[in-house]
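Undergrad: Sequence first, predicted coordinates after that:
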Amino acid sequence: GAGVSQSPSNKVTEKGKDVELRCDPISGHTALYWYRQSLGQGLEFLIYFQGNSAPDKSGLPSDRFSAERTGGSVSTLTIQRTQQEDSAVYLCASSLGHTASRRKNTEAFFGQGTRLTVV
Amino acid sequence: GENVEQHPSTLSVQEGDSAVIKCTYSDSASNYFPWYKQELGKRPQLIIDIRSNVGEKKDQRIAVTLNKTAKHFSLHITETQPEDSAVYFCAAPGGGTSYGKLTFGQGTILTVHP
């Protein structure tokens, strides 16, 4: 594919509603990452997938947040019972993988992000 | 897990001057150190990276240096131009079961004044 694709690009939701954010990684990329970026802030790690498994979920802020990846490709990030503090840009990135022997595998390519606003 | 600290948080320079941004990391198993540039409203994009088997890498006006003993690495931009204005992020992957996960610094807002 052309690059990492995220949808929707913008989402406005009411407090308490559930939302689903989608990430389509670059074809062949086995590693997939979700980050959150609040206005003017850094990149906060949420979760990392290698294939379909998630070896590191340590960044998920609460049990309202969950993510899955099926078929080693598309991933969805679900936020249940959204709160105003969930408002942020959610960025997805993918890379070829993290084997030490292949240098370029570790470059992560970012999607354009989903701007989530909880009102 | 990996912890990455980045300084300064803001940096203002005159066009033509040099800019230096520094990062420290905590996990000695980290062996890959990328730098990303994020222009306003756009996605972060890789501008340069370095692996732990080299101490310096250059690409035109940008260079990255790595000191594994001290666990710090720096981005150097020479002859800065207004289009260099952006937020710059460093990152490190850590090791162990989280190998591959990139932990980012808090970012540096670089402003280049014409």
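TA: Nice, I can see it. As the structure is a computational prediction, the values presented were derived from the model and not from experiment.

Undergrad: Counting by contacts, list what the helix or strand bottoming out on mean pLDDT in chain A packs against.
TA: Ranking every helix and strand in chain A by mean pLDDT, DSSP states H and E puts strand A:53-56 at the bottom, with a mean of 81. Counting contacts by 3 or more CB pairs under 8 Å, 6 or more residues apart in numbering or on different chains; DSSP states H and E, strand A:53-56 packs against strand A:44-50. Just so you know, the C-beta spots here come from the backbone N, C-alpha and C atoms, and that holds for glycine as well.

Undergrad: and after the lowest-mean-pLDDT helix or strand in chain B, which helix or strand comes next?
TA: Ranking every helix and strand in chain B by mean pLDDT, DSSP H and E puts strand B:103-104 at the bottom, with a mean of 90. Once the chain leaves strand B:103-104, the next helix or strand it forms, by DSSP states H and E, is strand B:108-113.

Undergrad: how far does that following strand sit from the chain's center?
TA: 14 Å (CA atoms, centre = their mean, to the nearest Å).

Undergrad: residues from chain B in reach of chain A?
TA: Within chain B, the positions near chain A by CB under 8 Å from any CB of the partner chain are B:1, B:31-32, B:34, B:36, B:42-46, B:49, B:51, B:89, B:93, B:97-107.

Undergrad: in the chain, which spans are strands?
TA: Because you didn't say which chain, this covers chain A. A:5-7, A:10-13, A:19-24, A:31-37, A:44-50, A:53-56, A:65-69, A:75-79, A:88-95, A:109-110, A:114-118 (DSSP state E).

Undergrad: I was thinking of chain B, sorry if that wasn't clear
TA: Taking DSSP E as the criterion, chain B carries its strands at B:4-7, B:10-14, B:19-25, B:32-38, B:45-51, B:56-59, B:62-67, B:72-77, B:86-92, B:103-104, B:108-113.

Undergrad: just checking, residue A:60 touches residue A:44?
TA: No: the criterion here is CB atoms under 8 Å, and residue A:60 misses it with residue A:44 at 10.5 Å.

Undergrad: quick one: residue B:5 from residue A:62, how far?
TA: Plainly put, residue B:5 is 25 Å away from residue A:62 if you go by CB to CB, to the nearest Å.

Undergrad: just to revisit the earlier point, between the strands of chain A, which has the poorest mean confidence score?
TA: If the strands of chain A are sorted by mean pLDDT, strand A:53-56 sits at the bottom with a mean of 81.

Undergrad: State the paired neighbours of it in the sheet, together with their directions.
TA: strand A:44-50 (antiparallel) (DSSP bridges).

Undergrad: how far out from the middle of the chain is the strand it pairs with?
TA: 7 Å.

Undergrad: re earlier: what would the strands of chain A look like in a markdown table with distance to residue B:21 and mean neighbour count?
TA: Shown next, in a markdown table, are these (distance: least, CB to CB, whole Å; neighbours: other CB atoms under 10 Å in any protein chain shown):
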| stretch | distance to residue B:21 | mean neighbour count |
| --- | --- | --- |
| strand A:5-7 | 27 | 17 |
| strand A:10-13 | 31 | 14 |
| strand A:19-24 | 28 | 18 |
| strand A:31-37 | 18 | 24 |
| strand A:44-50 | 19 | 22 |
| strand A:53-56 | 26 | 16 |
| strand A:65-69 | 31 | 17 |
| strand A:75-79 | 30 | 20 |
| strand A:88-95 | 21 | 24 |
| strand A:109-110 | 19 | 20 |
| strand A:114-118 | 26 | 18 |
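
Undergrad: Any chance of JSON lines for those, columns distance to residue B:111?
TA: Shown next, in JSON lines, are these (distance: least, CB to CB, whole Å):
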{"stretch": "strand A:5-7", "distance to residue B:111": "28"}
{"stretch": "strand A:10-13", "distance to residue B:111": "27"}
{"stretch": "strand A:19-24", "distance to residue B:111": "31"}
{"stretch": "strand A:31-37", "distance to residue B:111": "19"}
{"stretch": "strand A:44-50", "distance to residue B:111": "24"}
{"stretch": "strand A:53-56", "distance to residue B:111": "34"}
{"stretch": "strand A:65-69", "distance to residue B:111": "34"}
{"stretch": "strand A:75-79", "distance to residue B:111": "33"}
{"stretch": "strand A:88-95", "distance to residue B:111": "21"}
{"stretch": "strand A:109-110", "distance to residue B:111": "22"}
{"stretch": "strand A:114-118", "distance to residue B:111": "24"}
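
Undergrad: Cool, thanks, talk later.
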